[in-house]
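Chemist: Requesting a structural model of the entry that follows:
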Amino acid sequence: MTHPPTTAPGPGAAPLAPVATGLVPVFVRLKLSLLRNGLRQSGGRRAAYVASAAFALLVAALQLLGLVLLRGEEHAATVSVLLVAVLALGWAVLPLFFPSGDETLDPTRLVMLPLRPRPLVRALLVSSLVGIGPLFTLCLALGTAIAVARGGAAVAVGAVAVPLVLLLCVALARAVAAANIRLLTSRKGRDLAVLSGLVIAVGAQLVNFGAQRIGSSDAGLGELDPAADVVGWIPPASALSAVHETGEARYGIAAAQLALSVVALVLLLRLWQRSLTRLMTTPDGSTLAAAEPSRTRRGGSLAGLLPPGRTGTVMERTLRYVWRDPKTKAAWVTLLAIGLIVPLFNALQGTGSVYIACFAAGMLGIQMYNQFGQDTSAFWMVAMTIASTRDAYDELRGRAYALLVVTLPYAALVTVMTAALLGAWRSLPEALGLTFALLGAMLATGAWASARFPYSIPQEGYKNAAPGQGGLVWISLLGGMLCAAALCAPLIALAIWLHASGHESWSWLLLPVGTGYGAAVTALGLRLAAPRVAARLPEILTAVSRG
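Modeler: Below is the predicted model:
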């Protein structure tokens, strides 16, 4: 590989001309070398790459065949335009969640080289076309163009639109990565990779909801026509829409949509170039922080709102863990999203019930289980401060209160939103009472399970327990949830009796009764678990330190 010159050119010479002319093949060879060396690291990584490549190519081939077969159908243009829009959205979002998936996405590795932004953009753009992702995109763009092209003029426009869609997707990913690279390479940015599964889960629920709406509608895919008409003016979908409009002999609209995609590509390349210039000429955050030591954050605002003593201290520590620890934050955000999605989507589909809002309290109550496992080996510092049953009780109470700060208003919000979507306002007090009772029961059983069945949570990877502790996980979660459901049996029986005996007008009593019952059960559970914690500190420390 030829290295660029490090000396400045003479007064009469064109600056860095050899670098500019030979930069594209150098970066293409660099991309190929990175792929080849990455596969040489281990057999497992090589097998995973080959398997993922084969799967991606199989899906691309099937999609290409399906789109070709879609040619001539009434809603072929609608499906194709929306498919290209979703593809572009994936290219824009993917660098935010997987910034380390491609080493060439990080332009800060090149800041020490004497490279100009414009030839660097050109070289990176061409090298970005090497890989499975661009090949998948090319197959999909080609299939959508075949599906909507009618006539020789449309085929000619499609020959321009297909590479334009590919270049727009690649440039969009590069521009997004370059504009956010400082964030993505920081600790907070790396947290986004942990949340990628949440985005996939939410997207799958949205797709499922949309598919059910389309399947139940008499118009079928015609339900998507208004959305396709709007998306058809958004690049890169506008380039594909231009192919369809050309086939319909609407040449003015086609020219405008194609020109819109070209303008979007130019703007993206300019934005990318400006981001590269800023990255290569400005210091990063660590340098600025070192140069300005007087700029410190002001703390203490959270502590002033919490109870005094050990309980408030434990609450503050727990809430800071939730905000700062990537794995804990990912678990919280995932459970918050799932607890909201399941009740609301069932309500939107017309098949839900206001009582399913208790699902949110159940999902968040799980966070009380294995409280000490979240500390891992650092639990020894907590154990050193527990000298009596009272200390253990304050520790558990602080952790339970920290969960209630989030879970109590959240569970109430989900219940209210579910009742609003279903129009079941008369059942709202009853549902809130059952929700609060279930939340209190899960906090109580979670405190006991944390003391009796602790297990280690590895900080690296996606495993939720150390090897050999899977049984403890199942005992803690399943046993605790079954016990929580049993503790709520009196409230459930009361609700059933009120409806069966015709006393539904008194169902509002379940709100104060359920709230008081949940608070009493929580206090009792903490009281019973505290002596167990104080007596088993060495065993808990051993169990949570295995990961």
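Chemist: wouldn't residue 376 be in contact with residue 457 here?
Modeler: Yes. In this structure residue 376 lies within contact range of residue 457 using CB atoms under 8 Å: 6.6 Å. For glycine as for every other residue, the C-beta is placed from the backbone atoms N, C-alpha and C.
Chemist: Looking at those two, which one has more neighbours?
Modeler: In terms of neighbours (other CB atoms under 10 Å), residue 457 is the more surrounded of residue 376 and residue 457; the figures are 23 against 18.
Chemist: ok, for the more buried one, nearest residue in space, not its chain neighbours?
Modeler: residue 373 (4.8 Å; CB to CB, 6 or more residues apart in numbering).
Chemist: For the one you found, report the pLDDT, please.
Modeler: We have a pLDDT of 82 for residue 373.
Chemist: Test my guess that residue 456 contacts residue 375.
Modeler: No. Counting by CB under 8 Å, residue 375 is not a contact partner of residue 456; they are 9.7 Å apart.
Chemist: if you count what's nearby, which of those two comes out ahead?
Modeler: Neighbour count, other CB under 10 Å: between residue 456 and residue 375, residue 456 has more, with 27 against 21.
Chemist: May I have the phi/psi pair for the more buried one?
Modeler: Torsion angles at residue 456 (phi, psi; degrees, to the nearest 10) stand at phi -90, psi 140.
Chemist: Can you name every helix or strand that the helix or strand where residue 445 lies contacts?
Modeler: Assigned by DSSP states H and E, residue 445 belongs to helix 428-452. Judged by 3 or more CB pairs under 8 Å, 6 or more residues apart in numbering; DSSP states H and E, helix 428-452 is in contact with helix 358-365, helix 389-422, helix 480-487, helix 489-500, helix 510-535.
Chemist: buried ones in it?
Modeler: Buried positions in helix 428-452, judged by neighbour count with 16 or more other CB atoms under 10 Å: 428-452.
Chemist: Compute the inter-axis angle for it and helix 489-500.
Modeler: Angle of helix 428-452 versus helix 489-500, following axes from the mean of the first three to the mean of the last three CA atoms, to 10 degrees, is 160 degrees.
Chemist: looking only at pLDDT, what's the mean for the helix or strand just after helix 428-452?
Modeler: Using DSSP H and E, the next helix or strand after helix 428-452 towards the C-terminus is helix 470-474. For helix 470-474, mean pLDDT rounds to 72.
Chemist: Show me how far helix 470-474 is from its chain's centre.
Modeler: 26 Å (CA atoms, centre = their mean, to the nearest Å).
Chemist: what packs against it?
Modeler: Counting contacts by 3+ CB pairs under 8 Å, 6+ apart, helix 470-474 packs against no other helix or strand.
Chemist: Could you give me the buried positions within it?
Modeler: 472-473.
Chemist: Look at the residue lying closest to residue 442 once chain neighbours are set aside and say how many residues are nearby.
Modeler: Excluding the flanking residues, the one nearest residue 442 by CB to CB, 6+ apart is residue 365, at 2.7 Å. Neighbourhood size, residue 365 [other CB under 10 Å]: 26.
Chemist: Residue 365 contacts residue 444, doesn't it?
Modeler: No. Between residue 365 and residue 444 there is no contact under CB under 8 Å: 9.6 Å.
Chemist: Identify the contacts common to those two.
Modeler: Common contacts of residue 365 and residue 444, defined by CB atoms under 8 Å, 6 or more residues apart in numbering, comprise residue 484.
Chemist: Could you give the backbone dihedrals for residue 129?
Modeler: phi -80, psi 0.
Chemist: Let me know whether it touches residue 170 as I believe.
Modeler: Yes. With contacts counted by CB under 8 Å, residue 129 reaches residue 170, the gap being 6.4 Å.
Chemist: When the two are compared, which one has more neighbours?
Modeler: residue 170 (23 against 17).
Chemist: quick one: what helix or strand has that one in it?
Modeler: helix 152-179.
Chemist: In the chain, what helix or strand scores lowest on average pLDDT?
Modeler: Of all helical and strand segments in the chain, the minimum by mean pLDDT, DSSP states H and E falls on helix 285-291, at a mean of 47.
Chemist: what's the next secondary structure element after that helix?
Modeler: Next along the chain from helix 285-291, counting by DSSP H and E, comes helix 309-324.
Chemist: That next one packs against which elements?
Modeler: Packed next to helix 309-324, using 3+ CB pairs under 8 Å, 6+ apart, are helix 326-348, helix 389-422.
Chemist: Where does pLDDT dip in the stretch 301-450 of the chain?
Modeler: 301-304, 350-352 (pLDDT under 70).
Chemist: please redo it, this time with the cut-off set to 80
Modeler: Low-confidence segments of the stretch 301-450 of the chain (pLDDT under 80): 301-307, 323-331, 333-334, 345-352, 374.
Chemist: Over to the stretch 1-150 of the chain?
Modeler: In the stretch 1-150 of the chain, residues with pLDDT under 80: 1-22, 34-35, 37-49, 52, 94-115.
Chemist: Give me the angle between the helix or strand containing residue 256 and helix 152-179.
Modeler: For residue 256, the host element (DSSP H and E) is helix 251-281. Orientation of helix 251-281 against helix 152-179 (the same axes, to 10 degrees) gives an angle of 20 degrees.
Chemist: Can you give the distance of helix 251-281 from its chain's centre?
Modeler: Using CA atoms, centre = their mean, the mean C-alpha position of helix 251-281 is found 28 Å from that of the whole chain.
Chemist: Also stretch 319-338?
Modeler: Per CA atoms, centre = their mean, the centroid offset for stretch 319-338 relative to its chain is 12 Å.
Chemist: buried stuff in that stretch?
Modeler: For stretch 319-338, the neighbour count (16+ other CB under 10 Å) marks 319, 321-322, 326-332, 334-338 as buried.
Chemist: do the same with stretch 257-270
Modeler: By 16+ other CB under 10 Å, the buried positions in stretch 257-270 come out as 257-258, 260-262, 264-265, 268-269.
Chemist: Send over it as CSV, restricted to the C-alpha atoms.
Modeler: C-alpha atoms of stretch 257-270 as CSV (Å, rounded to 0.1, in the frame of the first residue of the first chain):
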residue,chain,number,x,y,z
GLN,A,257,-38.7,13.5,-8.3
LEU,A,258,-35.5,12.4,-10.0
ALA,A,259,-34.0,15.8,-9.6
LEU,A,260,-35.0,15.8,-5.9
SER,A,261,-33.0,12.7,-5.4
VAL,A,262,-30.0,14.1,-7.2
VAL,A,263,-30.1,17.3,-5.1
ALA,A,264,-30.4,15.2,-1.9
LEU,A,265,-27.3,13.2,-2.9
VAL,A,266,-25.4,16.4,-3.4
LEU,A,267,-26.5,17.9,-0.1
LEU,A,268,-25.6,14.7,1.7
LEU,A,269,-22.1,14.7,0.2
ARG,A,270,-21.7,18.3,1.2
